[in-house]
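Chemist: Generate a structure from the sequence data that follows.
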Amino acid sequence: QVQLVESGGGLVQAGGSLRLSCVASGRISSIDGMSWYRQAPGKQRQLVAISTGSNTTTYVDSVKGRFTISRDNAKNTVYLQMNSLKPEDTGVYYCYANLRTVAFASWRAYWGQGTQVTVSS
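Modeler: Residues are numbered from 1 along each chain as shown. The predicted model follows:
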């Protein structure tokens, strides 16, 4: 059973910083891409940042220069460092991973349960 567990969310004032973490656990054989998404109230889930299996990164325009995605492959962990936070960054942040398990050779998508980030003005 694979689990992705996020942590690090919370309430912060505009201009502040938070660091999110997501740990993938279970009988994992390999992980390809890991990403962060967010969902604001009343809106669809939106891709925020991607870290591919070859360690290239991509960001949505609204967070470029403020957010940084990174990975610790030895720990099956992906991070999202969020600086200069704005009220519009508020939402539930979800971790996503495309990975293979010991039981199944095919790549499958997994999601975390989400962590709330609230930025006050």
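Chemist: Tell me which residues touch the residue most central in space within the chain, please.
Modeler: The residue lying closest to the centre of the chain (CA atoms, centre = their mean) is Trp36, at 2.8 Å. Under the criterion of CB atoms under 8 Å, 6 or more residues apart in numbering, the neighbours of Trp36 are Leu20, Cys22, Leu47, Val48, Ala49, Ile69, Val78, Leu80, Tyr93, Tyr94, Cys95, Tyr96. Placement of C-beta: from N, CA and C, glycine included.
Chemist: Just to check, the fourth one is in contact with Ala40?
Modeler: What that stands for is Val48. No: contact criterion CB atoms under 8 Å: Val48 and Ala40 do not qualify, at 11.2 Å.
Chemist: How about the residue of the chain most remote from its centre: what's its closest non-neighbour residue?
Modeler: Seen from the C-alpha centroid of the chain, the residue lying at the greatest distance (CA atoms, centre = their mean) is Ala103, 24.8 Å away. Leaving aside its chain neighbours, Ala103 sits nearest to Arg27 (6.5 Å; criterion: CB to CB, 6 or more residues apart in numbering).
Chemist: ok so, going back, where does the residue nearest to the centre of the chain fall, secondary structure wise?
Modeler: In the assignment (DSSP states H and E), Trp36 maps to strand 28-39.
Chemist: Alpha carbons only: can I get that strand in CSV?
Modeler: Extracted C-alpha coordinates of strand 28-39, given in CSV (Å, rounded to 0.1, in the frame of the first residue of the first chain):
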residue,chain,number,x,y,z
ILE,A,28,8.0,1.5,-3.9
SER,A,29,10.4,0.4,-6.6
SER,A,30,10.9,3.7,-8.4
ILE,A,31,9.5,7.2,-8.7
ASP,A,32,9.3,9.2,-11.8
GLY,A,33,7.7,12.7,-11.6
MET,A,34,6.6,14.3,-8.4
SER,A,35,4.4,17.4,-8.4
TRP,A,36,2.5,19.8,-6.3
TYR,A,37,-1.0,20.9,-7.1
ARG,A,38,-3.3,23.3,-5.2
GLN,A,39,-7.0,23.8,-5.1
